[in-house]
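Chemist: Show me the folded form of this:
(2 chains, ligands or ions: 2)
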Amino acid sequence: MFKSDAIAKGDLALQQAFPINVDFSMTMAQTRHNTIDLRPSDSHSGLNQSRTELSLSIKADSESDPVSFLTYDVQGLRSVLAECKRLKTQAEERKQSDSPGDYSWMRYYTVKHIPVSLLSKIPPDLRTINKPLHTLLSPASAGLPGDDEFDINLIREEWVRSKAQDIASRKQINLRIRIGTFNVNGKLPSQDLSPWVQGGVDESGHSTVLPPLQPISPFSLGDGAKGILDDAKETRSETEYDTTSVESSTSTINSASKSTLQSKSITSASVRTTSAVSSSSLSSENTLQVDTYAPNGEAQAHAEDTKSDPDLLAFGFQELDLSTEALLYSSKTTREDAWSTAILAGLGEKGALYEKLASKQLVGMLLMIFVKKRLRDCFRDIKVCAVGAGLLGIMGNKGGTAIRLTYVPPSDEGWLARPVTVTFVDAHLAAFDEMMDRRNADFHDLTRRLVFDVAANPADAGDVALLPTLPISIFESDALFWMGASDLNYRIDLPDSDIRTLLKTEPRERGIETLLEFDQLRHCIRDGKSFAGFTEDRITRLPTYRFSSGLLTDSLGYDMKRKPAWTDRILYMKSAGTDLLQESYAGHSEITFSDHKPVSADFELTVPFVDDSQFQSAVRTHWHQVGDMENNDQPPKVKLDSTLLEFGPVHYERDAQKTIGLQNTGEIPCAYRFVPLDAGGPIHPPWLTIEPMAGLLLPSEAINISITVNVTKESASKLNMWTRKLHCTLILHTMFGKDHCITAHGEYQPTCYGNRLSDLVRLPGPMRELSDREKLLSEEQAINAPREVMRLINWLMTYAAEMQDLFLVPGDQDLVANIRECLDTGEEFTFKAEADGRYDRKTTIAFGEALLQFLKSLVEPVIPRHLHSKCVQINDRDEAFELRLKLLQVWISLTAFLHFICQQPSGSPQDSTPTVSRAQLLASIFAPILLSEDPSVYPPLSPLGRRNFLLFFIQ
Amino acid sequence: MSKQFQFKLVLLGESAVGKSSLVLRFVKDQFDDYRESTIGAAFLTQTVTLEDQTTVKFEIWDTAGQERYKSLAPMYYRNANCAVVVYDITQSASLDKAKTWIRELQRQADPNIVIALCGNKTDLSARRQVTQEEAQKYAEEEGLMWGETSAKSGEGVSEIFTAIAKKLPLTAPPPKTAARGAPGAAGGRGVDLNRQPAPGQNEPCNC
Ligand SMILES: Nc1nc2c(ncn2[C@@H]2O[C@H](COP(=O)(O)OP(=O)(O)OP(=O)(O)O)[C@@H](O)[C@H]2O)c(=O)[nH]1
Ligand SMILES: [Mg+2]
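Modeler: Ligands and ions are numbered 1, 2, ... in the order given. Got it, this is the predicted structure:
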């Protein structure tokens, strides 16, 4: 039984083999046509006008289950039956003569072919490709190899892919992308959109906003804009709109047939040479600009195309139309026209440089892509799809629309680059009160159902219609952008009043930072509940929801009835080979007609320029070296240049690295991986890392594996009181070969960082002198506060109280390590005071940093967690001091010190920061550390409550 | 079964007069020649057993004498049942400072608070600047207990704490948990501990 190999056209892959012997049987029937045939109808032979569906079931022997097939091909079926009958007769004869059959013909099909995924232009799924290779391998442990064959396949594929990509030329493909998302709340554009739509970033890193030509209303457009509108209409007419569709719908835009520009003459600005740019390419670029604009009329004459302008603009809208009609008869696209006109108008004179490439609407969601006209033909294979979700599910009032496209920069010196695939999703996840799980379910549902029909190999497609198509997920891209949100989606997990207060506290960045820690979307990403693998840039804008014009708003303009939230977001996911530089991420408060603010982001996408034919041949060459490696009789042989690693003294948070040389001494390629010593256990202890964890070596090839020891605060907490000897055994497994043992040793130097205060007060002397946990003092003998932290506070009290930006700026790590070492050994600090008895700024700041890091490293925060809920409820100073804090000497001393520095007059007379604000600032830094959150507690306690509690002590 | 009482005691006084040293001597019977100046406050406990087997547990707040922490002191002396205001007999200015503290206590603290004035560092009597008479006279005028100690030699230390324990109203003890609003009458005549040495007894700290 063979399966048509969809990617490598014409090839058949062996799927299953049935022995045709005496027990073989076959039955045939005509089926009733009561299910929908999902296969593309065009791909079938035109012979069977009757469309009678015939089913064939094959039973290999009396025990096995029958396998069924469907076909319309009566003629073909007849031949199959005849051949089977002939073979069965032969088998019966053979049975009589007792001779075994000849299956040698099968060998042709069992030889390993190059996996289609290696040659395909469809990028691998971002969700798997971004995972470290070793995590995808089969479970194995020392002496118990896993599925070596499976592992070889993965390692080999990865190896061939990376080798083939190494042929990448010094050139890069460069694409500037601006993304916008806007929940318009059913409104039509009634304000200038330029701040939102105009991309480009100036030197200072701020997005540039050019003044618009004139105030724009879509209903009073100038001639230039009308022309743009016509262009847009033309594009759209070739786009299939099937927004009424309830299920996932896809449509194809035949981009090749529509060409407004002569692409051959274009040398793109987007193919960039990383080494010295040759002057000829520069000049051709300049000429090009003049040429390109010439046929497009005088409207463009004054619009200057600059490199910093985005090449592609993607705008996602939500709640485009809230009318019931829209929901029921959602075929009208009038609003799309209004918005696309407003966008082009918002681009000002640069609008003339762009045209609409594609769009996809599903009720309230609209995704539109504009590209620079001169690059129009570089964007190909444009696919769109849409999926309804949400409460009214099938109605499509919620859900997502997506557009997938490939970008091939104009061919350069005869090379044709492998395409870059970029996917955009505009989603509006269901509003379902505060139930985040429902939203997460929506996300997963959407990502599963947003599927494009992509031709298996569009590059060499003679006739597109005849090509088999594959369902391609949004994740099969080089870069995936996700924009949108929901009005009730991804809120801030804090009480309303906390949010509003934090938004008003100065400095605002700190308030925003604190709030973001309670942002549900960030939590979901962190916990892998949804948007796993996505990245979002740092948010510095105010929440973009919900604004209202009514009376019930706070001083920032937020509706009093809704918690302000960052509902409008732009996230991305990208492959390792794709560089994506986010240059801006901003909200646009100038645009006020919706209850949301629009959000925009600028990206610069860079991928190496890989010539496709070179790539294909590189894949073949490399595959040739390793394609057969598992079918070899010889065992692999490797040599390790050392199997014992002595790290000597190992200090907290200080990297120590050793390398092992691994050489393939055999005659066949060899794949290796590290496996755990015990089944299910870790491959290496938490204080050690191996790089790379898996790989492939050609005969006589050698690589260096680096083994790094680094004790972080997490691992320190498990080592400090318990061990001074670091020891572990690492197992390197060669596929179909041996396990090799590598042992690593180190002398751990315990530190006062990463402990419990309750243990530190029982230290009889410096941490380094503690030989054994047994030597700790009894609880009765314990001292009041750890010496180490009191030394730090004392030092700071004496020398750093006047330093205004103590704790506010990061300290030098080497100095911090030096301070830590003195605390651990009990030795005097080694710094030299200046003539006036003071210490230099760098040292002073480092002491502050050392204290902060010490506090952060504690296993239990200074205020024990069981008191936190009580602490945040306290609302006066007396009550705060009444808490059982007398056991917390560290807290008392530290807050007394902070209290003192808050009372210091500010250094410079110009610096008018009031004392209150210094206390506020310090509270915002220390509260999350001294009362650090228990991540398992939900909902989290108020950060303002924590802050206020600390403020009672320091103000 | 013997009675048990618990009281909150606060130490006040100029920096370096030896408050922390006194507490260390009282609680652990130790002395350091070099001690870090207290930051904020320190908390310790010690139990005294009186002749009638009554035990008095002191929750001691050793405050910081440096001017910079002055505004925090009220947080520690509020609800205190007794206060030991310390001066250094070799520094007359430290007595002035002690007087300021006493005035503040009389104004702000619990009206029933028992206040003891304590002249420390008697081992340095060669450099004495504050005479016993001067201090004692002031104590009598203000109705305070008075005594002299040396944290270094240990002289007078347990005596002053035991005297306070005795002086505290033991009839109606405050609730053990919150030492809020201690009842009973404080004040009265100053007691000269040097002339009536009371046999006190230190117990190992077992808080
Ligand atoms: N000779 C002598 N020195 C003492 C005595 N008591 C304290 N000292 C010394 O005086 C210095 C200050 O003592 P501390 O106990 O730290 O003083 P403090 O009152 O707690 O000071 P702050 O914490 O700053 O308020 C230290 O060097 C002590 O060794 C004493 O009785 N005799
Ligand atoms: Mg002290």
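Chemist: Find the helix or strand that residue A:55 is a member of.
Modeler: Element membership for residue A:55 (DSSP states H and E) is strand A:54-59.
Chemist: Does that strand pack against any helices or strands, and if so which?
Modeler: Contacts of strand A:54-59 with other secondary structure elements, assessed using 3 or more C-beta pairs under 8 Å, 6 or more residues apart in numbering or on different chains; DSSP states H and E, are made with strand A:25-30, strand A:67-71, helix A:74-97. Any C-beta I mention is one placed from the backbone N, CA and C, and that applies to glycine too.
Chemist: Partner strands of the host helix or strand of residue A:401, with direction?
Modeler: Residue A:401 is located in strand A:398-407, with elements delineated by DSSP H and E. For strand A:398-407, sheet partners with direction are given as strand A:379-389 (antiparallel), strand A:420-428 (antiparallel), following DSSP bridges.
Chemist: pull the helix or strand with minimum mean pLDDT from chain A.
Modeler: helix A:279-293 (a mean of 32; mean pLDDT, DSSP states H and E).
Chemist: doesn't residue A:125 make contact with residue A:117?
Modeler: No: with contact defined as C-beta atoms under 8 Å, residue A:117 and residue A:125 do not form a contacting pair (9.6 Å).
Chemist: What residues sit buried inside stretch A:86-94?
Modeler: Within stretch A:86-94, the residues that qualify as buried are A:88, A:91, counting by 16 or more other C-beta atoms under 10 Å in any protein chain shown.
Chemist: and that stretch, how far out from the chain's middle?
Modeler: From the chain centre to the centre of stretch A:86-94 is a distance of 58 Å (C-alpha atoms, centre = their mean, to the nearest Å).
Chemist: Report the rounded mean pLDDT for it.
Modeler: Stretch A:86-94 shows an average pLDDT of 78 in the prediction.
Chemist: With stretch A:452-465 instead?
Modeler: Computed over stretch A:452-465, the mean pLDDT rounds to 60.
Chemist: do the same with stretch A:546-555
Modeler: Mean predicted lDDT for stretch A:546-555 stands at 81.
Chemist: Other residues contacting that stretch?
Modeler: The set of residues external to stretch A:546-555 that reach it, using C-beta atoms under 8 Å, 6 or more residues apart in numbering or on different chains, is A:487, A:500, A:504, A:557-562, A:564-565, A:592, A:594-597.
Chemist: Out of those residues, which comes closest to ligand 1?
Modeler: residue A:504 (39.9 Å; C-beta to the nearest ligand atom).
Chemist: Might one say that that closest one is in contact with residue A:556?
Modeler: Yes: contact status for residue A:504 versus residue A:556: in contact at 7.0 Å, counting by C-beta under 8 Å.
Chemist: Could you list every helix and strand that the helix or strand harbouring residue A:948 packs against?
Modeler: In this structure, residue A:948 is located in helix A:943-954 according to DSSP H and E. In terms of contacts (3+ C-beta pairs under 8 Å, 6+ apart), helix A:943-954 is packed against helix A:496-504, helix A:865-873, helix A:877-882, helix A:889-903, helix A:915-930.
Chemist: Per-residue pLDDT of the closest residue to residue A:612 other than its chain neighbours, please?
Modeler: The spatial neighbour of residue A:612 that comes closest, neighbours along the chain excluded (C-beta to C-beta, 6 or more residues apart in numbering or on different chains), is residue A:418 at 4.6 Å. pLDDT, residue A:418: 89.
Chemist: how much space between residue A:418 and residue A:738?
Modeler: When C-beta to C-beta, to the nearest Å is the yardstick, residue A:418 and residue A:738 sit 39 Å from each other.
Chemist: quick one: the helices in chain B?
Modeler: Using DSSP state H, the helices of chain B run over residues B:19-28, B:73-77, B:92-108, B:132-142, B:157-167.
Chemist: what is the orientation angle of the first one with helix B:157-167?
Modeler: Spelled out, it's helix B:19-28. Our comparison of helix B:19-28 with helix B:157-167, counting by axes from the mean of the first three to the mean of the last three C-alpha atoms, to 10 degrees, yields an angle of 80 degrees.
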